[in-house]
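**Student:** Fold the following, please.
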Amino acid sequence: MPAGRLTKQERQQIALGLADDLAYAEIARRLDRPTSTVTREVMRNGGPTGYRADLAQRATEQRAHQSRGAAPRAAPSSVADGVDSRAVREYEEQFTTLFMQSGLPRVAAGVLTSLYTTNAGSLTAAELVQRLGVSPGSVSKAIALLESQGLVIRERTEGRRERYIADGDVWFQSMIAAARSNAQIAETARQGVRLLGANTPSGTRLENMARFMDFVGESIARAAEQARGLLMVDGAGQVKDE
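**Tutor:** I've put the predicted structure just below:
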């Protein structure tokens, strides 16, 4: 399996594979590359619908040029003695890619990954800049986005320095929001049943949708409440003492 950066020809093959609606795994198999390599390449360069081989190549060359003049990226503070730092970096890249696939921009995804994998429990803007090798402005913009989505908490320490923490309660809030969304879909579907008639084919379809959404939404909310109570996780992602 080849190592190193993707070549221009490989990027063109990725673009062709996406145009043919091939899965990342199949494109990777044809390139004899890890699937994660193809996934990261696509997600950091426009996603499956916006990927362009020439633009991706140019962006990579620009990043390489910028990195030559930048300070070397510090090893993650999450690395403990005896842990393979390269394996940790690869894991963080994989986690970042998953966050990007969920809709987060690259820097915001990297910030969230850093906050979840640091043993310190929190990071300053300067520490995030050093870890991610990006500008302070990029980190500031990413933090603002993550805060607006309730994914991080900002706390002020001595000397007015701010530290950022990944909100451990955010997954509970996310599940509850999903349950509410399902309930709204169910209610809208039942409005259609009343409008179109319960005995019509469309009314039957809408009622089936409403029942499904009711069941799923209630199950999600119940499971989220149970998990929160059993795991006793606080806002900073720490397990509470009972």
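**Student:** Sort out which residues of stretch 192-201 are buried, please.
**Tutor:** 192-193 (16 or more other Cβ atoms under 10 Å). Every C-beta, even on glycine, is put in place using the N, C-alpha and C of the backbone.
**Student:** actually stretch 171-179, not the one I wrote
**Tutor:** For stretch 171-179, by 16+ other Cβ under 10 Å, it's 172, 175-176, 179.
**Student:** Narrow those residues to those in helices?
**Tutor:** Those of these mapping onto helices are 172, 175-176, 179, per DSSP state H.
**Student:** so where do the strands sit in the protein?
**Tutor:** 123-124, 152-156, 162-166 (DSSP state E).
**Student:** what is the orientation angle of the second one with strand 162-166?
**Tutor:** This points to strand 152-156. 150 degrees (axes from the mean of the first three to the mean of the last three Cα atoms, to 10 degrees).
**Student:** tell me what strand 152-156 is packed against?
**Tutor:** helix 106-117, helix 136-148, strand 162-166 (3 or more Cβ pairs under 8 Å, 6 or more residues apart in numbering; DSSP states H and E).
**Student:** and of the buried residues of stretch 171-179, the nearest to Arg205?
**Tutor:** Comparing these against Arg205 with Cβ to Cβ places Ala179 closest, at 22.3 Å.
**Student:** pLDDT score for the closest one?
**Tutor:** Predicted confidence (pLDDT) for Ala179: 90.
**Student:** export the buried residues of stretch 171-179 to TSV and tack on distance to Gln191?
**Tutor:** What follows is the buried residues of stretch 171-179, written out as TSV (distance: Cβ to Cβ, whole Å):
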residue	distance to Gln191
Phe172	29
Met175	25
Ile176	23
Ala179	19
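**Student:** Show me which helix runs longest in the protein.
**Tutor:** Under DSSP H, the chain gives helix 201-231 as its longest helix.
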